[in-house]
Structures are given as structure tokens and as C-alpha cells.
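>>> Could you work out the structure for the sequence below:
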Amino acid sequence: MSALKILVIPGSLRTGSLNAKLAAVAAHALAQEGVDVTRISLGDYPLPIYDGDLQAKSGVPKHAVNLKRMMAAHHGVLIVTPEYNSSVPALVKNTIDWVSRVQDPHETRGQVFRGRVFAIASASGNRLGGARALAALRLILSACHAQVIPNQLALSFAEDAYDEMDRLRNSADSDALKALVRQLIDVSQRMM
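You can find the predicted model right below:
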């Protein structure tokens, strides 16, 4: 059996992003479990705002096709999203919108979402830890027919959540991350 491959996508491009930091911690936790982890930046896949007229005129942008193929090369995907105004940022929503339009030969549109397992996490400076963004992201992914695992991580007060080694300092946060990682691995392995 081939090694389990998980793609980690931070939903922020911001320098010093709390969510990019959480994505790095999650990627490390996955690697500690023997998973083949790829962590990307959506900055390497720039996309215009989704517009059906643009798609009809120019087709799906190559970065959306490349990102879809990157997702397809993995058994599971972890998306770590910021929360903007109680929802997901435009970067995350726009990426999903474009990727859902990619259809390679012998595939149905959006098949990449149905063929793998998704996990979601968020980090925020407030006490809710991005929980409202996670609810919105779960709804968006479910609309794409993705299997989203029940465990999720909403990291509260994220500016103070790490020790000097960039590890989660609170045992409850560490346990939540371990539970998310374990469930993502278990469900992904069952789908291999």
C-alpha cells in the first residue's frame, strides 16, 4: 500500500498569519504520524474572482487546474481558514469555487471533492477561535459533496497559543489537534 498523502492548505497569505502557523503545526503533527505531507500557499495559485462569464470566455484558469490536480494527488486535505466577518475569507471561497469547476476527461465536475477526505481548522485571536468560519467552510465543502470529518479545531486566543518552540502550549488544544489528525488519517486510510 502506498503512503498516505495529506495536503495542508492555509487559507491566508498574510505575513505572520495565525492560520499559516496552525497549518505548519498541523503539518508537523501529520508528519509525526508517518504521513506524506504537502503544505502549499494559495499565493502560488493566484486566481481571479470567480465569474461565470470569465469561465465561459477563457475557461478555467491554469492555477485552478493545477490546484485541483494537487488535491487529486492526495488522499486527504486539511484547510486552515481565518475568520472574516463570521465567515471564510474570499481567498478560501474563491479557491473552492474555481477548483469545483475543474473537470478533467472521464471525470464529473467537482469530483476531486468527492474522492477524498477533508478536515478543517481555524485560528483566531478571539475566544471563538474561528468557529463561525468553520461552520461556513463545512457548509461550503458539503455543498461540493466533500466528506468533512466531524473533528475540527477552533484555536482560541491564537497569539498566545504557542510556546517558544511553536508548539501548542495548552493540552486541550494539543489534544484537539491530535484528535483531528488521527481522524483525518483513519478516514483517509479507509478510503484509499
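>>> Any chance you could list what contacts the longest helix along the chain?
Looking across the chain with DSSP state H, the single longest helix is helix 171-191. The contact list for helix 171-191, computed with C-beta atoms under 8 Å, 6 or more residues apart in numbering, reads 4, 6, 25-26, 29-30, 33, 35, 75-76, 78, 116-117, 119, 121, 147, 149-153, 155, 161, 167-168. Every C-beta, even on glycine, is put in place using the N, C-alpha and C of the backbone.
>>> Pull the contacting residues for Ile40.
By C-beta under 8 Å, 6+ apart, the contact list for Ile40 reads 7-9, 70.
>>> Tell me how many other residues surround Arg138.
17 (other C-beta atoms under 10 Å).
>>> In helices only, show me the contacts of helix 171-191.
Within the contacts of helix 171-191, residues falling in helices by DSSP H are 25-26, 29-30.
>>> so which of those residues comes closest to Asp97?
Nearest to Asp97 among the ones in helices among the contacts of helix 171-191 is Ala26, at 23.9 Å by C-beta to C-beta.
>>> Surely the closest one touches Ile79?
No: counting by C-beta atoms under 8 Å, Ala26 does not reach Ile79; the two are 10.3 Å apart.
>>> Now the common contact residues for those two.
Between them, Ala26 and Ile79 share the contacting residues Ala121, judged by C-beta under 8 Å, 6+ apart.
>>> What count of nearby residues applies to Arg69?
By other C-beta under 10 Å, neighbour count at Arg69 equals 13.
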